[in-house]
Structure formats: C-alpha cells, structure tokens
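Participant: this one's sequence-less:
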C-alpha cells in the first residue's frame, strides 16, 4: 500500500495524445471537471473519449481535443443537448459512435472483466445497428429450455480504456473512493476498464473515516483499481456532486450561452485556483 495522492497536473502529465480516455459521471452530474480543466491546459489531443457525456465532452470537443467519441448521449440534464458538443459535431470535427445506454454499460463490463465482448439484447431491432455497421451479433450456443430457441444477441465489444478520470465525494490516500449520492454512474466500471485510473475527490480523508458515518456499500472504488488521487474541493463544478453540492444552474446557463473561445478566455486561461477566483468574481458581478 502506498500514498497515491498527486496534483491534477501530475495526473494529466501521465496521459498522452492518442489515448482512449474514459470520463466518469453522467450528463451534468459528478463530472471530474478539475481534471478536465487540467487536461485542457495541457497539449494532449487526438483523444478517443468514452463518456456518458456532459460538459466534459462539450469542452474537449470545442477545444478540438477529441478524435472520436463513444457515448450513449451528451447532455447538461436541465439543458437537454450539450451546445458546445452539438456545434462541434455539426462541424464534423470528430467521429461519433453512438450506442444504447445498456450497450455502453456492458461494453465497460466486458472491458472490466478483460473479455472481448458481452452479449446484450439492447440495440436489436433499432437504428443503433444501422448507424454502427461494425457491430456484430452472436447466437447463443444454448437453446432456451422452454422454447428450444437459440437466441440472437448484439455482441457488444469491450470499451477498453487507456485511462479513466472520475470524481468522488471522498477518497483516502490509498485510492479507496466513496460516493455519497444517489447513483454510482458506472464510475467503478470506468476504473476497472482502464489501465490507469485517476480519482479526484471533494475531500481527502483517513481510511477509517470513510465508513465512520456511511455504509460500507458507499465505497465504490477499490484501491487496487486506482492509480492516483487528487483532492479537489469543488472539483466537479459546475456539475453536481450530491450531497456536497448541487449543480450550479446559473453558471451552467452562462457556459451554455457563451461562445467557447470567450468562456475559455475568462474561466480557463489559468490554473484551477484562477478558475475558482473567476467563478467567484462572476458571482459577485451578479449580485451587484
């Protein structure tokens, strides 16, 4: 066991252009935004991004860092379609592999278990198969004991990741990660499907404190699957990280309605502390 704590810059410094990068969270909920902002400050590009997309995808796509996106959706939740993603997609700036949510989950499961694929019913009879002509089907080697039929399934390929970025409510220095909200958002699967996983957290705590006031079932991430831990209070902003904080709806509206270049100049031109200061200054402007 070892201390896995590092800065966001150190975590991003271990990534490379051309990687397949999984980003946890769901839409505009518990996204590892501090790590995404650090990634935007780097020169890393040509990424294949695997994500239940939100502003992570919007920012990376607008910045021209995405070569291919694998996703079931890209949304800001209260704003149905992520506008910066939509604009980049309409300009055909990256390849898109759009699949069903269940297919996405089973692709991560396959990768986590080091399997080449897993069979899934989702996608059959839908346009998912038409727009993804590389997908194949498999026939069960076992007949149904009641009907005698050997069922056909989609053979969902493994979504194997070079690296994953996720955000937790709490973590310890060893890499155990805890979520305290209502939904795990596949974050454990992202880490298990990746060769390296970097976890940001709202608060770094001692190991014993993880279960002092919460059930053991909240320990979503096992240290054996985590490469690095970054303490980043507010690191999910402007997405939610329940119960620590909700989504910053006012700031999200600002983000959605501002051209990327203007947003980046104002909020992304410096480090994480600069971002937090810029957000506080924006809030102050809104109250005067």
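Facilitator: Here it is on my side, so go on. Source: prediction; values computed, not measured.
Participant: Give the helix, strand or coil label for residue 153.
Facilitator: Under the three-state scheme (DSSP: H, G, I helix; E, B strand; the rest coil), residue 153 adopts strand.
Participant: Which residue comes closest to residue 255 once chain neighbours are left out?
Facilitator: Distance criterion C-beta to C-beta, 6 or more residues apart in numbering; nearest residue to residue 255, sequence neighbours excluded, is residue 263 at 6.1 Å. For every residue, glycine as well, the C-beta is placed using N, CA and C.
Participant: ok but that neighbour is inside a helix, no?
Facilitator: Yes - Residue 263 sits within a helix when classified using three-state DSSP.
Participant: which other residues reach the top helix by length along the chain?
Facilitator: If you go by DSSP state H, the chain has its longest helix at helix 272-286. Helix 272-286 is contacted by residues 8, 34, 37-38, 232, 234-235, 237, 250-251, 254, 266-268, 270 when judged by C-beta atoms under 8 Å, 6 or more residues apart in numbering.
Participant: ranges for the strands of the protein?
Facilitator: Under the criterion DSSP state E, the chain carries strands at the ranges 20-23, 47-51, 66-71, 95-98, 117-120, 136-139, 152-157, 161-171, 177-178, 194-204, 219-221, 228-231.
Participant: In this protein, where is pLDDT below threshold?
Facilitator: In the predicted model of the chain, residues 1, 287-288 satisfy pLDDT under 70.
Participant: 90 - rerun?
Facilitator: For the chain, the stretches with pLDDT under 90 are 1, 286-288.
Participant: Surely residue 182 and residue 242 touch.
Facilitator: Yes - assessed by C-beta atoms under 8 Å, residue 182 is found in contact with residue 242 at 6.6 Å.
Participant: and those two? which has more neighbours close in?
Facilitator: residue 242 (16 against 9; other C-beta atoms under 10 Å).
Participant: Need the phi and psi values for the closest residue to the more buried one other than its chain neighbours.
Facilitator: The spatial neighbour of residue 242 that comes closest, neighbours along the chain excluded (C-beta to C-beta, 6+ apart), is residue 181 at 3.9 Å. The phi/psi pair for residue 181 (degrees, to the nearest 10) reads phi -90, psi -170.
Participant: burial count for residue 181?
Facilitator: Using other C-beta under 10 Å, residue 181 has 16 other residues around it.
Participant: residues touching it, list them.
Facilitator: By C-beta under 8 Å, 6+ apart, residue 181 lies in contact with 29-30, 169, 240-243.
Participant: Many thanks, we can stop here.
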